[in-house]
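Peer 1: Build the 3D model from these lines:
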Amino acid sequence: MHQGVPLSAFGLIVTAMMLVALSDTAGKLLTQELGVAPGFGAWSRFALGTAMMLPLLRGAGLDMRLMLDWRIWLRGGIMATGILCVLTALRTEGMATVFGAFFVGPLLSYALGALLLKEPITRAQTLALFVGFAGVLIVVRPGFGMTAGTGFGLLAGLLYGCFLTTSRWLRDRARPRAMLMAQLLVGSVLLAPVGLTALPTPTPAIAALTLGSATGSMLGNLCLIFAYRRAPASRLAPFIYTQLVMATALGFFVFGDWPDALTLIGLTVLIGAGLVSFTLGRGGPATAPVPAAASRTDRPSAG
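Peer 2: Below you'll find the model as predicted:
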């Protein structure tokens, strides 16, 4: 157990990572095996998540004035587009490859935080950032047979990095659950044109996987909200990388996809760089993996 992390917080964040990975596994089954359009998969995740969140808000309902803030729509639109790209990537690529490309997000967020939000950085952490980016390049291999699916995964990661940055920019705008609800609502509205025009022929399998994907994503977000009430983001940051491990394992057990040697090397470099960056920034105000963690609380999940 990592120093300073209560057992309850550890259990919640690992559960959250598992739920998000399971959510994307269901999304991959929908798009790859059952031929469901990624647009419908993305829209249904937000729409069903909105419906499931409503009773959980209780008295702390969504202040509709929040929806008049253009920054909320920018943040939600970035995430909605990112989820659409993730499901498009998962339609053709293995989960380890997509998640490896996606984890360029925390690296980009670190750089954007320094440039746009004037967050403090260190040379050592910046070096770890470049090492992590090298790991992403090993995974995606641009110019060396890089596929369109991998490109969509990389684009999703870049959007995620922008989402993390806007989340920290707006961190005091509303309470965590209200921000999560606003994100789900914005995604539901913006993705409606691509979702409602690609409705699949309903079957029990499609219904179950659609519901499972949305439920896993929403519950994963909630687990992270509760985890960050029990421990600071800087302490929980390393456990975000368990999502890569879980995605790789699920890709193998569900789809029979085992990453090739280069992908495994890239994932190892990426995880190692993230943990080194966390260690270097421990106790400081900015560590590279922290945005990834923060994104799934009041700055919710990529799921």
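Peer 1: Identify the nearest residue to residue 41 in space, disregarding sequence-adjacent positions?
Peer 2: When the adjacent residues along the chain are set aside, residue 41 lies closest to residue 87, with 4.7 Å between them (Cβ to Cβ, 6 or more residues apart in numbering). For glycine as for every other residue, the C-beta is placed from the backbone atoms N, C-alpha and C.
Peer 1: so who does the one you found touch?
Peer 2: The neighbours of residue 87, taking Cβ atoms under 8 Å, 6 or more residues apart in numbering as the test, are 24, 27-28, 30-31, 38, 41-42.
Peer 1: In this protein, where is pLDDT below threshold?
Peer 2: 1-5, 58-62, 143-145, 233-235, 237, 278, 280-303 (pLDDT under 70).
Peer 1: What segments of it are helices?
Peer 2: Taking DSSP state H, the helices of the chain run over residues 7-28, 38-57, 70-90, 95-102, 104-116, 123-140, 148-169, 176-196, 204-230, 233-236, 242-255, 261-281, 290-294.
Peer 1: right, and those - which one's nearest residue 64?
Peer 2: Taking Cβ to Cβ as the measure, the helices of the chain were each checked against residue 64, and helix 176-196 came out nearest at 9.6 Å.
Peer 1: Buried residues, that closest one. List them.
Peer 2: The neighbour-count check on helix 176-196 (16 or more other Cβ atoms under 10 Å) flags 176-191, 194-195 as buried.
Peer 1: Return the list of helices and strands in contact with that helix.
Peer 2: helix 38-57, helix 70-90, helix 204-230 (3 or more Cβ pairs under 8 Å, 6 or more residues apart in numbering; DSSP states H and E).
Peer 1: I'd like to know how far residue 263 sits from residue 103.
Peer 2: Using Cβ to Cβ, to the nearest Å, one obtains 13 Å as the distance from residue 263 to residue 103.
Peer 1: Kindly report the same for residue 133.
Peer 2: In this view, residue 133 and residue 103 are 10 Å apart by Cβ to Cβ.
Peer 1: Residue 261 now?
Peer 2: 19 Å.
Peer 1: So between the two, which is more surrounded?
Peer 2: Set side by side, residue 261 and residue 103 give different neighbour counts by other Cβ atoms under 10 Å, the larger being at residue 103 (30 against 7).
Peer 1: wait, isn't the more buried one in contact with residue 156?
Peer 2: No - the pair formed by residue 103 and residue 156 falls short of the contact definition of Cβ atoms under 8 Å, at 10.3 Å.
Peer 1: that older thread, out of the helices and strands packed on helix 176-196, which is closest to residue 19?
Peer 2: helix 204-230 (3.6 Å).
Peer 1: Helix 38-57 and the closest one, what's the angle between them?
Peer 2: For the pair helix 204-230 and helix 38-57, the angle between their directions (axes from the mean of the first three to the mean of the last three Cα atoms, to 10 degrees) equals 50 degrees.
Peer 1: Can you mark which positions in helix 204-230 are buried?
Peer 2: If you call a residue buried by 16+ other Cβ under 10 Å, then helix 204-230 has these buried ones: 206, 209-210, 212-228, 230.
Peer 1: I'd like to know which elements it is packed against.
Peer 2: helix 7-28, helix 38-57, helix 176-196, helix 290-294.
Peer 1: swap the cut-off to 6 Å and go again
Peer 2: Taking 3 or more Cβ pairs under 6 Å, 6 or more residues apart in numbering; DSSP states H and E as contact, the helices and strands that helix 204-230 lies on are helix 7-28, helix 38-57.
Peer 1: Give me the distance between the closest residue to residue 72 other than its chain neighbours and residue 71.
Peer 2: For residue 72, ignoring the flanking residues on the chain, the nearest one in space by Cβ to Cβ, 6+ apart is residue 182 at 5.3 Å. From residue 182 across to residue 71, the span is 10 Å (Cβ to Cβ).
Peer 1: who touches residue 162 in this structure?
Peer 2: For residue 162, the contacting residues are residue 78, by Cβ atoms under 6 Å, 6 or more residues apart in numbering.
Peer 1: just residue 50 next, same as before
Peer 2: Taking Cβ under 6 Å, 6+ apart as the criterion, residue 50 is in contact with 184-185, 188.
Peer 1: related to what we said a few turns ago, hey, which of the helices of the chain is tucked in deepest?
Peer 2: helix 95-102 (a mean of 29; mean count of other Cβ atoms under 10 Å).
Peer 1: So what's the gap between that one and the chain middle?
Peer 2: Centre-to-centre, helix 95-102 and its host chain are 11 Å apart (Cα atoms, centre = their mean, to the nearest Å).
Peer 1: How about stretch 207-222?
Peer 2: 14 Å.
Peer 1: can you check stretch 42-60 too?
Peer 2: When C-alpha coordinates are averaged (Cα atoms, centre = their mean), stretch 42-60 and its chain have centres 17 Å apart.
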